[in-house]
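**Student:** Turn this into a structure:
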Amino acid sequence: MNKLIPAMIILAAVGGITIAEAAVGNLAYITYRITNQFNAQPTINPANFNLGNLTAGSSGTITETATVAVPSNGGYEISLRDKPLEDSFSSFNVTIMMGNYSITLNEENDSASIYLAKGTYSVTITISYTVSGDANNKTVINQPFLSIKPTHEANNDNGHHESTSTEINNANETLTETSNANETNTDQ
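**Tutor:** Model prediction:
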């Protein structure tokens with residue numbers, strides 16, 4: 001009997017703790033994930049282009065605006081993706097105005113590297129296109145055709161990127177072209 005009393009006391013204590021925990025409500029929960037401090041990926045609010053119904057040989061120009069938040073100073077590559085464009089256009093030029101850069105991309109020149117300082121940029125994108133005369137029936141819906149990604153370009157000693165002659169020539173050519181461009185979409 002003497003052994004039964006300590007066992008009953010232990011059972012009562014364990015039962016009391018269990019009942020006490022069941023009566024207590026949780027006041028808060030926490031969830032988190034730790035990642036690297038450095039996130040080199042820009043945050044993008046993309047431009048959305050709807051060229052509408054196109055016919056072989058039709059052409060037009062359309063302009064939209066995107067926003068890019070660059071998390072850190074560095075080199076970035078802007079690329080034209082050809083998959084949604086292939087076999088559809090005889091001419092497809094994209095002019096991108098971002099910060100102090102004006103870049104024209106097309107089938108022959110499908111990427112450009114630029115240096116951007118940390119900050120948020122309004123990006124004006126103008127597409128000038130001509131549909132191929134022998135274009136087949138095709139439907140493209142919400143396909144990405146322009147991308148931006150960080151590169152591992154090193155800064156020079158003063159922390160600034162020095163433009164290459166290609167970037168300067170492209171910028172000068174593009175400024176001339178865009179000053180003459182209209183923003184209307186024709187032959188839709």
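
**Student:** Sketch out the low-pLDDT regions of the chain for me.
**Tutor:** 1-23, 32-40, 152-188 (pLDDT under 70).

**Student:** Which residue ranges of the protein form helices?
**Tutor:** 4-23, 165-180 (DSSP state H).

**Student:** Now stretch 59-72: buried residues?
**Tutor:** 60-63, 66, 68, 70 (16 or more other CB atoms under 10 Å). To be clear about C-beta, it is placed using only N, CA and C from the backbone, and glycine gets the same treatment.

**Student:** With stretch 107-115 instead?
**Tutor:** Quick answer for stretch 107-115 (16+ other CB under 10 Å): 112-115.

**Student:** Pretty sure residue 68 sits against residue 43.
**Tutor:** Yes: the criterion here is CB atoms under 8 Å, and residue 68 meets it with residue 43 at 7.3 Å.

**Student:** and the closest residue in space to residue 69 that isn't next to it in sequence, what is it in contact with?
**Tutor:** Once flanking residues are discounted, residue 69 sits nearest to residue 43: 4.2 Å by CB to CB, 6 or more residues apart in numbering. With contact taken as CB atoms under 8 Å, 6 or more residues apart in numbering, residue 43 is in contact with 68-69, 71.
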